[in-house]
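J.: Provide a 3D model corresponding to the input given below.
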Amino acid sequence: MITNRIDWTEDTVIYPGEDKLEALNKGALRVLTGQEYAKTYPSIHKREEHANNGKGI
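T.: Numbering: from 1, shown residues only. Just a heads-up that it's a prediction; the model follows:
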């Protein structure tokens, strides 16, 4: 574990629930095995356009 390598520099705090990579992996596997559909999100340009009431920047 990384704490074994860095704990000598300072006290280390581990926060429960920080399993983002595992959650990302499991979500990708659900999509790849057909259990779930991949979600599509708008590009940053579409979000900016929407935020500006449809007016370009």
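
J.: what's the longest helix in the chain?
T.: helix 20-32 (DSSP state H).

J.: chain center to it, what's the gap?
T.: Taking CA atoms, centre = their mean, to the nearest Å, one finds the center of helix 20-32 at 10 Å from the center of the full chain.

J.: residues in contact with that helix: which ones?
T.: Contact partners of helix 20-32, identified using CB atoms under 8 Å, 6 or more residues apart in numbering, comprise 36-38. Quick note: C-beta positions are derived from backbone N, CA and C, even for glycine.

J.: export the residues you listed to a markdown table and tack on pLDDT and neighbour count?
T.: Shown next, in a markdown table, are the contacts of helix 20-32 (pLDDT from 0 to 100; neighbours: other CB atoms under 10 Å):
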| residue | pLDDT | neighbour count |
| --- | --- | --- |
| Glu36 | 94 | 12 |
| Tyr37 | 94 | 8 |
| Ala38 | 92 | 9 |
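
J.: where does pLDDT dip in this protein?
T.: Low-confidence segments of the chain, defined by pLDDT under 70: 44-51, 53-57.

J.: for the closest residue to Thr12 other than its chain neighbours, helix, strand, or coil?
T.: Excluding the flanking residues, the one nearest Thr12 by CB to CB, 6 or more residues apart in numbering is Thr3, at 4.6 Å. Following DSSP: H, G, I helix; E, B strand; the rest coil, Thr3 is assigned to helix.

J.: what about Thr3, neighbour count?
T.: 11 (other CB atoms under 10 Å).

J.: could you do Gly27 as well?
T.: The number of residues packed near Gly27 is 14, by other CB under 10 Å.

J.: likewise for Arg30?
T.: Arg30 has 13 nearby residues by other CB under 10 Å.

J.: correct me if wrong: the residue nearest to Thr12 contacts Glu10.
T.: No: using CB atoms under 8 Å, Thr3 is not in contact with Glu10, being 10.8 Å away.

J.: please enumerate the shared neighbours of these two.
T.: In contact with both Thr3 and Glu10: no residue, using CB under 8 Å, 6+ apart.

J.: excluding its backbone neighbours, what's nearest Tyr37?
T.: Tyr37's closest residue in space is Val31 (CB to CB, 6+ apart), at 7.0 Å.
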